[in-house]
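Enquirer: Dropping the sequence and predicted coords here.
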Amino acid sequence: MNGRQTFGAPGRVREVTSLANPLVKEIKALQLKKHRDEQHAFVAEGLKLVIDALDLGWSIRTLVFAKSALGNPSVEKTAARTVASGGNVLEVPERILTAITRRDNPQAVLGVFTQRFMPLQDIHAADRDLWVALDRVRDPGNLGTIIRTVDAAGARGVILVGEATDPFSLETVRATMGSVFAVPIAKASQDAFLVWRKNFKGLVAGTHLEGTTDYRAVEFGNGPVLLMMGNEQQGLPEALARSCDALIRIPQAGRADSLNLAVATGIMLYEIRRNALPGATA
């Protein structure tokens, strides 16, 4: 298989009942990152997510829906949109959706979409822009929750630094609740990120166990802000910590000595919005 494969002849609607069908096998293979990378594709579950993705201009390759969804006007309209865009539509029994999603009670609709990354060099932050850089985030649930929170807080996007979990894995996409289609995602090696950071015209703040400034005491200003968050186990490495204008901490009042990465990122996003960016909805 290669990145140009189209999951069968485009613009067709067909009924499929066998897990051995080549189209089904190709979609099921997207459970593995190797195949997602080769195909530049990923799976999103749920009719609402598929409709939102189409409305936002994402390219759909294949729409799969359960036979039980036949006659649903929204499903039929989405199928028509898929065919009109050159994609395939598969009508399948629920057991095929179960195999693809690894869920006993799968959603009645899923879509196969082309991956989309924003080139790092295309990020030119303006006043009041807020970006989040995540160093080697490993947990799909954390990454998905952060993408969803970035969307909710009105931040501009996420930059994945180093070897991070796949933002287009089934688990991550689920955790985003559809925000993966609304939030630009860039990825870069640590070295490439540090080169880009030198030209970032704004405040770079990172959370760090050795941070001396309470997160509520930082004056973020009205320029761009880059929030840098470290790996779940190790935090920010020295090279990234040195590149920050401010190293900050979130105080711990109880016995816990750290917060979950997604929770800490959410706290910081809303504090930055409250503190520095008047006119935001937070």
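Expert: Thanks, I have it.
Enquirer: got the domain boundaries for this protein?
Expert: For the chain, the domain assignment from automatic domain parsing gives the residue ranges 13-114, 120-276.
Enquirer: want to throw the ones you listed into CSV with mean neighbour count and mean pLDDT?
Expert: Heads up, the C-betas are built off the backbone N, CA and C, glycines and all. CSV is the format used below for the domains of the chain (neighbours: other Cβ atoms under 10 Å; pLDDT from 0 to 100):
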stretch, mean neighbour count, mean pLDDT
domain 13-114, 18, 95
domain 120-276, 18, 93
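Enquirer: So what touches stretch 49-63?
Expert: Outside of stretch 49-63, the residues that reach it under the criterion Cβ atoms under 8 Å, 6 or more residues apart in numbering are 6-8, 23, 27, 41, 44, 74, 78-79, 81-82, 85, 87-90, 109-114, 116, 177-178, 181-182.
Enquirer: ok, what's across the strand from A188?
Expert: Legend: beta-bridge partners of A188 under DSSP bridges are V161.
Enquirer: Could you measure from it over to K28?
Expert: From A188 across to K28, the span is 31 Å (Cβ to Cβ, to the nearest Å).
Enquirer: again, but for M177
Expert: M177 sits 23 Å away from K28 when distances are taken as Cβ to Cβ.
Enquirer: what's the answer for S258, then?
Expert: Taking Cβ to Cβ, one finds S258 at 38 Å from K28.
Enquirer: swap in V183?
Expert: Distance from V183 to K28, by Cβ to Cβ: 27 Å.
Enquirer: One more: V13?
Expert: In terms of Cβ to Cβ, V13 sits 20 Å off from K28.
Enquirer: K34 too?
Expert: From K34 across to K28, the span is 13 Å (Cβ to Cβ).
Enquirer: same question, N88
Expert: N88 is 15 Å from K28, by Cβ to Cβ.
Enquirer: Show me the helices in the stretch 1-150 of the chain, by range?
Expert: Taking DSSP state H, counting those that start in this stretch, the helices of the stretch 1-150 of the chain run over residues 22-29, 33-39, 47-55, 73-84, 94-101, 140-153.
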